[in-house]
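# Pasting the sequence and the predicted model now:
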Amino acid sequence: MDYTKNEMMAIATGREFKDGELAILGVGLSMLAGYFAKKNHAPNMNPFTEGGVYGSTPVGGLPWGIEDNRISTNATSFTNGIDALCMLVASAKVDNAVIGCAQVDKYGNVNTTGIWEDGQQPWKVGKYTLPKTRLNGSGGANDIAIGAKKYMIMAQHEKRRFLERVDYISSPGYLDGGNAREKYCFPGGGPAAIITNLGILRPDPVTKEFILDAYFSFSSVEEIIENTGWDLKVSPDVKMVPEPTAEELANLRAVDETGSLRK
Amino acid sequence: MDYTKNEMMAIATGREFKDGELAILGVGLSMLAGYFAKKNHAPNMNPFTEGGVYGSTPVGGLPWGIEDNRISTNATSFTNGIDALCMLVASAKVDNAVIGCAQVDKYGNVNTTGIWEDGQQPWKVGKYTLPKTRLNGSGGANDIAIGAKKYMIMAQHEKRRFLERVDYISSPGYLDGGNAREKYCFPGGGPAAIITNLGILRPDPVTKEFILDAYFSFSSVEEIIENTGWDLKVSPDVKMVPEPTAEELANLRAVDETGSLRK
Amino acid sequence: MGNKLISMQEAVSKYTWDGMTFAHGGGLPVGSDCTEFFREMVRQGVKDINSISHCSCQGINLLAAVGGISRIEVGFSGLEVYGFANGLRRAVESGQTILEDYSNGSMPLRILAGALGIPFMPSYISVGSDQEWCSADEPDVYPNTKKIPVIQDPFTGKNVGALSAVVPDLAVIHVTMADVNGNAIILGTEWSRFELSRAAKKVVLQADYIVDTDCMRQYPNLVRIPDFLVDAVVYAPMGVWPACSTGCYDSDEEHFYYMNKMLKTEEGTQEYLEKYVNSYKTSEELVDVIGKEKVDLISKSDTAFLMDPYRKWIKTDAEIKELMGGR
Amino acid sequence: MGNKLISMQEAVSKYTWDGMTFAHGGGLPVGSDCTEFFREMVRQGVKDINSISHCSCQGINLLAAVGGISRIEVGFSGLEVYGFANGLRRAVESGQTILEDYSNGSMPLRILAGALGIPFMPSYISVGSDQEWCSADEPDVYPNTKKIPVIQDPFTGKNVGALSAVVPDLAVIHVTMADVNGNAIILGTEWSRFELSRAAKKVVLQADYIVDTDCMRQYPNLVRIPDFLVDAVVYAPMGVWPACSTGCYDSDEEHFYYMNKMLKTEEGTQEYLEKYVNSYKTSEELVDVIGKEKVDLISKSDTAFLMDPYRKWIKTDAEIKELMGGR
């Protein structure tokens, strides 16, 4: 079967959505994975976006922005950001979500705020130094990280992105691991998986360190370890993720009208 | 001129509303005084009710309730209780308001919650004993009391209602007087007047004790003192409130379509 | 998603239980509250209710009159121009119902805190008065400091009250229009219906009209309660009576007074139950109980034009029966 | 009440000043924000702006590119699929603009606190991460404990963050329709426009259409911003361009990319200003600058049907000129 690594990643993420779930989706891969799931196996899933756009499916291609007219066209309800992000997401009513990242660390902490010169990170120097590269900030991802019952992190699997400790925690995963989230009383459950273009990592139930759970037909345990910036542990049950079925690929490509994942 | 005491009270209250003010009105006398003012001398006053009914004037008579269809018919905006009572009233955006009372005391504290057997009041016995007579509670009056820039208290002037200390403070006036409100950081300015069927009381600028400011053509300083349950002080500038003009009476009666104040 | 239309009988038997924390409060007493749901609770004998709302209403007045309410947290317990709520008053004065006083602003803020999933809401409302100092739950303590604790703003050190969050077991919300999935449009003030639908663990809608989902897609900004928040939809024409539903019918002045007069005594309450609560089962029969003439009269509301844009999507009674599988 | 229609030039000169705290944020970057108001701020050289919003947008990107923003509090500083906001990024990386990070949920909660007149909002958002520990206002302190202080819930003793309230000097709010008094209807997500209109000291509306007040009386539940909150109304067709206004026009993909590419450098910014900011004065001229064909293309939005119920109340350009006394 012919498919790209990003298509495999989107399908693997989509498979994590179950029918009937209330899910918040962001632009790009997140929406693609979510609407693929709704089309493929979760027809009663309720996806929405962070401004409070409910009941809609994209029209004319994936939206440029999550409240773009492509997603507003057939909505059944428009409310507001406090409703979507605070009443639904931050209060643990949302079942599932996807967030992206520029960096992720072994406890699933995510950085989307900036990249620092090595050694100049705020947590290393005890000062809020300026980043070398300013990124976008957390957007609604912090709200998802503290509040969603569970969520997935999607990432391109590269050593420079998979770090022992991210430069800046934009959206908290399990912080220092173990029960560290409890101190902050976060209502949500934390990240359930890191899904990449090479495989799937899941947290150890006790230490909350992310370990390798599965690889794809085109990747391997060794390749994934090599592309991870921390000493990645491998699950004794590590397995290959089933390849996309023809139906899955067809459904994915129906959502990805413009073929962004085949590039 | 022929008018009732309640008509004089409504007109005296209405005169306190200035053009352009944002004002919250309740059912009955409060609405009557407010809509009289808008019709008579304050065409750009913005009256609203506590559920967030904006831009309307009553149709077919004064409403039975403040979100009754009589007030909803020609509204330009409907929002909600948090908007009206918390965002506008409790945050000191509202210029003026009227509240009613079953009891009021010399610092303008209002009781609309219950009447206790004398000696059985919670503040006397140090227990929350049951009232002899349960009244309606504060409704939105507490919100007005803590938040409106200023407000008026309307009351039937009777000794049993005008007390040294109310049985229960449903809506705080100046509490124990002086700067007592400061401790609670109330954003609003407190009660500006007690307007009754006999005259007008206003607070001393320093002690905040309500003193007699004016009487009506049909009442007198003596009559008011006699009907007040505390040792009422009289302003050195005490004066008679001008009688209603023919125009004022006509405007009041146009609002009071059903003639409730002439009974 | 999916068809959530059920009968009032089923809604009450499925979603209520003795001892539950029950929220309502579509409006002020004369406004759009779920009176019919209360009447069905009375018919089914639901009791020991802990009631949450900013305002009382005729439904609360009735349920209190039959002894169904053990505790109530409320901002206003009267009936506006129609006077004190005699049924509730009788229950409170006798000690049967514990009444915890808040204001019409502080109750919605507590519901907002519940909706936001935060433990409390800072506010200046209800503090510095007997609403703070008197707690019906702890009558032996005065002044009480635990009901609305005063905390310090960490930015200035100044005092501010902490209103506790409320998360009701169920919110029953009257709406003007709902589709079968539970998308809902409210005409008139929302009061705290938006916040209630986010705060409660379960949500049941009581609707004047069932409309097609196309209506929602034409007016998505009016759909303040989206379907996934809703567990069940009940079609209940005249369901707010004797109070008013904006856009549909006015309040029934005569009956409002009569009902409250009857609830003043136990005997009157029994007579009222016979005549106006236990005397019908369906909404068609309710119309007969109210009287066709009265229904026509109060339906000639000056607010009726507010419904005009949506009439073409209204489902007929026959269509609704079909949608309910003939139930 | 009263006619509040003024020109964009007048609105900017009357309601903005150097050093002010300026709030906007109708939508996400590709959504309904007040781009035209920003272009006029650039034309008038307003500077030293402290910007408040949950999200950045092309207007912020532009104003930052010309050095007009000294400080920004924001949840998301990018342009969604269109990438990083190059103008803002350049200003932040060079240290010219101080950027205080929050999230898209915590910024609206801070505005909600401002609207409610309370000093802070309890929340679990933004705490336990570098959003709490890093403060751009106090870069020498890490971890910072004053930006989002952790306090104790007085009911359980558990930790919760305290998000400080924001009360902007001015909020400029894009709306789909406004009447001359300032009653406004928004199509599409409100984001934090409702809360902003209650939190800010002054409110200016930028509207796609001016409609008759009869429209508001037919749809009062859609009027989420009532007139008395509003200081001025500006008629600004295509005023969100190159982002999209739901019900009116789609985003201009080509220009969105082009604009952001140009703002990457100072030279590009100058060229962009000449071509697309300083090249027109009226909204008629703006249409020429965008190009009539492009305007027609993006106006063929799939969302256009959402405007249908209101079209009969739209004021023509000639009527609007008349209402503005020919200005």
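That came through, no problem. Numbers count the residues shown, from 1 in each chain, chains lettered A, B, ... in the order given.

# Which pLDDT does the model give the residue in the stretch 1-150 of chain A positioned nearest to chain B?
Nearest residue of the stretch 1-150 of chain A to chain B, counting by C-beta to the nearest C-beta: A:I82, 11.3 Å away. For glycine as for every other residue, the C-beta is placed from the backbone atoms N, C-alpha and C. Note on A:I82: pLDDT of 98.

# How much space separates C:E267 from B:D167?
Separation of C:E267 from B:D167 (C-beta to C-beta, to the nearest Å): 31 Å.

# same deal with C:L63?
28 Å.

# go on, A:I195?
65 Å.

# These two: who's more crowded?
Per other C-beta atoms under 10 Å in any protein chain shown, whichever of A:I195 and B:D167 has more neighbours is A:I195, with 30 against 26.

# Could you work out the end-to-end span of stretch A:19-26 for me?
End-to-end span of stretch A:19-26 (C-alpha to C-alpha, to the nearest Å): 19 Å.

# Buried residues in that stretch, which are they?
A:E21, A:L22, A:A23, A:I24, A:L25, A:G26 (16 or more other C-beta atoms under 10 Å in any protein chain shown).

# Any stretches of chain A with poor pLDDT?
A:263 (pLDDT under 70).

# Spell out which parts of it neighbour chain B.
Contact residues, chain A versus chain B (C-beta under 8 Å from any C-beta of the partner chain): none.

# Can you list the residue ranges for helices in chain A?
Counting by DSSP state H, chain A has helices at residues A:5-15, A:29-40, A:69-72, A:81, A:122-125, A:141-147, A:221-226, A:246-255.

# The shortest one and chain C, are they touching?
To tie it back to what came earlier, the one meant is helix A:81. No. Interface with chain C: helix A:81 contributes nothing (C-beta under 8 Å from any C-beta), its closest point being 12.4 Å away.

# now that helix, how far from the centre of its chain.
The chain centre lies 20 Å from the centre of helix A:81; the measure is C-alpha atoms, centre = their mean, to the nearest Å.

# Contacts for it next, please.
A:E50, A:G51, A:G52, D:H54, D:N104, D:G105, D:P108, D:T189, D:E190, D:W191, D:S192 (C-beta atoms under 8 Å, 6 or more residues apart in numbering or on different chains).

# nearest spatial neighbour of A:R262, skipping sequence neighbours?
Among residues not flanking A:R262 along the chain, A:T4 sits closest, at 5.7 Å (C-beta to C-beta, 6 or more residues apart in numbering or on different chains).

# how far away is the one you found from C:L205?
A:T4 is 45 Å from C:L205, by C-beta to C-beta.

# More neighbours: these two, which one.
Using other C-beta under 10 Å as the criterion, A:T4 and C:L205 rank with C:L205 on top: 31 against 14.

# Let me know which of the helices of chain A is tucked in deepest.
Scoring the helices of chain A by mean neighbour count under mean count of other C-beta atoms under 10 Å in any protein chain shown gives helix A:81 as the most buried, with a mean of 34.

# hey, what's the closest residue to C:Y219 other than its chain neighbours bridged with?
Sequence neighbours aside, C:I185 is the residue nearest to C:Y219 in space, at 6.7 Å (criterion: C-beta to C-beta, 6+ apart). Counting by DSSP bridges, C:I185 forms beta bridges with C:M177, C:V223.
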